[in-house]
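J.: Please find the sequence and the predicted model below.
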Amino acid sequence: MKKTIPLKLVALASMSLLVAACGADDAADNGDASISDQLEYTITGIEPGAGITERAEASLEEYENLAGWELETSSTAGMMGQLESAISNEEPIVLTGWTPHYKFELYDLKFLEDPQNVFGDAEFVHTMTREGLEADRPEAYAILDNFSWEVDDMQGIMLAALETDFDVAAADWIEQNQETVDSWTEGVDEVDGQVIELGSFPWDSERASSAVITQVLEEHGFDVTLTNVDPSILFQALAQGEVDATVAPWLPTTQGAYLEEYGDQIIDLGPNMEGTVIGLVVPEYMDIDSIEDLEPKE
C-alpha cells in the first residue's frame with residue numbers, strides 16, 4: 001500500500017532545503033567577499049596606551065587605502081584570543097604585532113610591508129635611569145649599563161611563562177645563562193639591602209626583561225620594587241626622579257614621542273636589545289603582503 005507523507009513533514013523538508021540553499025548562498029557570498037570585507041575593515045589592537053596603538057592609529061591616517069577602517073583596542077590577552085580563534089578557523093585577521101613575542105613561536109605569522117614606514121625600521125629596547133642614579137647607586141647603575149641580551153632570550157621566557165609565571169621562567173633562564181648574567185655583574189661590588197625602584201610596562205615582553213633584571217639585582221643585594229605603568233607615566237616618573245630606572249622603552253618609534261618630551265631629564269644608557277620590530281601582522285595563509293593590499297571601505 002502506498003504511504004502518504006504528511007504535509008507537515010513535506011513543509012519541514014522544503015524549509016530545510018531552503019535554509020540549506022540560503023546557507024550555501026551566504027557561504028558563496030562570504031567566499032566572494034574581499035579580505036577587507038571579511039575583516040569588516042577592522043584592525044585588532046591592544047591597550048590604548050601602547051606606543052604601537054598610536055602608530056596603528058597613525059597608519060589609518062597615512063594610508064589612503066585604509067579610509068573607513070577602524071582600530072579595535074582591547075588588551076594583549078584579548079588580541080591573542082581573537083588571533084587564536086581566527087587561526088583555528090583559518091579566518092582572516094589583521095592585528096598590531098611586535099617581536100619579540102611568543103605568538104611568533106606558536107603561529108605562522110608575517111608582518112605586512114609598510115611602504116609609508118609608519119611603524120618605523122627595526123627598533124631597540126633601551127635602558128634608562130633618572131638623573132643622579134650613577135652617584136646614588138653606582139653598583140645598580142653599572143649592572144643596568146651592562147645589561148644586554150637577545151630577542152630569542154626574551155621570547156623564550158615569554159613562551160615558558162605560558163606554562164608558569166614570569167618569575168619562575170626568568171629564574172630558569174638565569175640558571176641556564178649564567179655566563180651572560182656574570183658579564184653584567186663582573187667587577188661590581190655586592191650591596192646590602194640598598195633600595196631601588198624599577199618601572200616597566202604591563203606587557204609580556206617587558207614582564208620578561210623586568211623579571212630578569214629584578215632577580216639579577218636582588219641576587220647582588222638590592223631590595224627591588226617593580227611597578228608597571230603606562231609609558232607616559234613611566235617617562236614622567238623617571239624625569240621627576242620618582243622611579244630609578246627601566247629596561248622597557250622601545251625606540252626610536254614606539255615610545256619616541258615620550259623621549260622627545262622628557263629626554264632632557266632622563267639618562268639614556270642605550271640599547272639593551274636590538275632587532276625588535278612593530279607593525280601590522282597577519283597569518284601566513286592570508287594572501288596579502290603589504291598594508292597597501294587592504295582595500296578602503298566603500
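T.: Looks like it arrived, so ask away.
J.: Name the residues of the strand ranked longest in the chain that are buried.
T.: Longest strand in the chain by number of residues (criterion: DSSP state E): strand 266-283. By neighbour count with 16 or more other Cβ atoms under 10 Å, strand 266-283 contains the buried residues 266-267, 269, 272-273, 276-283. Every residue, glycine included, has its C-beta placed from N, CA and C.
J.: helix or strand right after the host helix or strand of E139?
T.: Here E139, judged by DSSP states H and E, is contained in helix 138-146. Following helix 138-146 in sequence order, the next helix or strand is helix 151-160 (DSSP H and E).
J.: How far away from the center of its chain is that following helix?
T.: Centroid separation for helix 151-160 versus its chain: 13 Å, with Cα atoms, centre = their mean, to the nearest Å.
J.: Check what contacts that helix and list those residues.
T.: Contacts of helix 151-160 with the rest of the structure, by Cβ atoms under 8 Å, 6 or more residues apart in numbering, involve 99-102, 104-106, 166, 168-170, 172-173, 177, 180, 204-205, 207-209, 211-212, 273, 275-276.
J.: Kindly provide the distance from the spatially closest residue to G49 that is not a sequence neighbour to A248.
T.: Distances taken as Cβ to Cβ, 6 or more residues apart in numbering put D230 closest to G49, at 4.0 Å, once the chain neighbours are dropped. Plainly put, D230 is 11 Å away from A248 if you go by Cβ to Cβ, to the nearest Å.
J.: Tell me which of those two has more neighbours.
T.: A248 (26 against 14; other Cβ atoms under 10 Å).
J.: The more buried one reaches P202, doesn't it?
T.: No - checked against Cβ atoms under 8 Å, the pair A248 and P202 is beyond contact range at 10.1 Å.
J.: all helices of the stretch 101-250 of the chain, in order?
T.: Using DSSP state H, counting those that start in this stretch, the helices of the stretch 101-250 of the chain run over residues 103-106, 133-136, 138-146, 151-160, 166-176, 178-185, 204-219, 231-239.
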